[in-house]
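Asker: turn this into a model:
(chains A and B)
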Protein chains: 2
Amino acid sequence: MQENEWLAVWRLIEPVFRAGETYAFSPEILEDEARKVWLATPTATYVAKDDEGNILGTYFIKPNQPGLGSHVCNCGYIVGEQARGQGVAALMCEHSQVEARRLGFRAMQYNLVVATNEGAVRLWQRLGFEIVGRLPGAFKHSRFGYVDAFVMYKQLA
Amino acid sequence: MQENEWLAVWRLIEPVFRAGETYAFSPEILEDEARKVWLATPTATYVAKDDEGNILGTYFIKPNQPGLGSHVCNCGYIVGEQARGQGVAALMCEHSQVEARRLGFRAMQYNLVVATNEGAVRLWQRLGFEIVGRLPGAFKHSRFGYVDAFVMYKQLA
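Answerer: Presented below is the predicted three-dimensional model:
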């Protein structure tokens, strides 16, 4: 992702944060904070584009813990509303595993996969991730209230 | 904990970070960074003292995730070398659960309990925490290399 693509990326990810159904970030998150977590803090941020250069999705990759836990990475993926159901999330997840290995990470961890986000859970499982833990009531879903979340993990090395 | 107790707390926690056996923070962490993670960022930081006012241990409490995951807290505890084996960790953990409820948290999560730290794992289990997940090779132990870590969780509400 290029710096000058931020506004397009923000337009794509903002409705997902506002919905409060899949990401823990506050639904009232400011653009500035979102830019920090999606673009400034991560090791790298990517966009998925179609042949015309339209942005279909985006993901970031970063160490999940400091120092002695920094060989395990964490990623967040978002597909734009117009591009759902076309396999963009799967392509980004596969791409992220290649990138993670290239960047020297030995494993990938998702810390808070919302249990009601069943499509995502199944997709990550299909792409080699295991549910290693269930966190009871760890996510406050904007429609369903407190729901469980999964810790998912895949070794890459 | 009072601001002016930082140096005493730093002297207590520094050797634990330097050892690289239980916390993910880099063993080369600078005092400044340590102050940020232990004192500045957390919701609250505490010290355990004996009757003479000597600091025996310290812990912090903070939200484990932003926004929709911020009702689950995370704590880190360290007992000074001179005060080990006297039940200080258990007292701090119990105290932290009371404080967590008072601060409105609904659950407590430890993200990276190093599997080789067997005493800690058993203690947290005795105090009501469950191992909800095992993260293969997620911690790079300074003596043993890559070892597993546990996600531990306790509902408070």
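
Asker: CA only for contacts and neighbour counts going forward, please
Answerer: Fine.

Asker: dig out what the spatially most central residue of chain A forms beta bridges with.
Answerer: Centroid-nearest residue in chain A, with CA atoms, centre = their mean: A:Gly76, separated by 1.4 Å. Listed by DSSP bridges, the beta-bridge partners for A:Gly76 are A:Phe60.

Asker: surely it and A:Lys62 touch.
Answerer: No - the pair A:Gly76 / A:Lys62 is not scored as a contact, 9.2 Å apart, by CA atoms under 8 Å.

Asker: tell me the contacts of the residue nearest to the centre of chain A?
Answerer: A:Tyr59, A:Phe60, A:Ile61 (CA atoms under 8 Å, 6 or more residues apart in numbering or on different chains).

Asker: I'd like to know how far the last one sits from B:His141.
Answerer: This means A:Ile61. Distance, A:Ile61 to B:His141, by CA to CA, to the nearest Å: 23 Å.

Asker: check the second one too.
Answerer: Summarising the geometry, the distance separating A:Phe60 from B:His141, computed by CA to CA, is 27 Å.

Asker: and for the first one?
Answerer: As defined by CA to CA, A:Tyr59 lies at a distance of 30 Å from B:His141.

Asker: what about the two, which has more around it?
Answerer: A count of neighbours by other CA atoms under 10 Å in any protein chain shown puts A:Tyr59 above the other of A:Tyr59 and B:His141, at 25 against 21.

Asker: how about the residues of chain A by chain B?
Answerer: Proximity of chain A to chain B is confined to A:20, A:23-27, A:65-69, A:71-72, A:107, A:132-136, A:138-141, A:151, A:153, A:155 under the rule CA under 8 Å from any CA of the partner chain.

Asker: buried subset of those as a PyMOL selection?
Answerer: Applying 16 or more other CA atoms under 10 Å in any protein chain shown to the residues of chain A next to chain B, the buried members can be selected in PyMOL as follows:
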select buried, chain A and resi 20+23+24+25+26+27+65+67+68+69+71+72+107+132+133+134+135+136+138+139+140+141+151+153+155
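
Asker: the closest residue to A:Gly145 other than its chain neighbours sits in which helix or strand?
Answerer: Nearest in space to A:Gly145, with sequence neighbours left out and distances taken as CA to CA, 6 or more residues apart in numbering or on different chains, is A:Phe139 at 7.8 Å. Using DSSP states H and E, A:Phe139 falls within strand A:130-141.

Asker: measure the residue lying farthest from the centre of chain A to A:Gly76 for me?
Answerer: Most distant residue from the mean C-alpha position of chain A: A:Glu52, 24.0 Å away (CA atoms, centre = their mean). Taking CA to CA as the measure, A:Glu52 falls 24 Å from A:Gly76.

Asker: can you list the neighbours in contact with the strand holding A:Phe139?
Answerer: For strand A:130-141, using CA under 8 Å, 6+ apart, the contacting residues are A:20-22, A:24, A:112, A:114, A:124-125, A:145-154, B:68-69, B:71-72, B:107, B:132-135, B:151, B:153, B:155.

Asker: show me those residues that map onto strands.
Answerer: A:112, A:114, A:145-154, B:72, B:107, B:132-135, B:151, B:153, B:155 (DSSP state E).

Asker: low-confidence regions, chain A specifically.
Answerer: Within chain A, no stretch has pLDDT under 70.

Asker: just the helices in chain A please.
Answerer: According to DSSP state H, chain A carries its helices in the segments A:6-19, A:31-35, A:88-102, A:118-126.

Asker: tell me the contacts of the closest residue to A:Ala19 other than its chain neighbours?
Answerer: Of all residues not flanking A:Ala19 in the chain, A:Pro27 sits nearest, at 6.5 Å (CA to CA, 6+ apart). A:Pro27 is in contact with A:Phe17, A:Arg18, A:Ala19, A:Gly20, B:Gly67, counting by CA under 8 Å, 6+ apart.

Asker: give me the phi and psi angles of A:Pro27.
Answerer: phi -60, psi -20 (degrees, to the nearest 10).

Asker: can you check A:Ala24 too?
Answerer: Per degrees, to the nearest 10, the backbone of A:Ala24 is at phi -80, psi -20.

Asker: neighbours of A:Gly119, how many?
Answerer: For A:Gly119, using other CA under 10 Å, the count is 10.

Asker: quick one: it from A:Asp148, how far?
Answerer: From A:Gly119 to A:Asp148 the distance is 15 Å (CA to CA).
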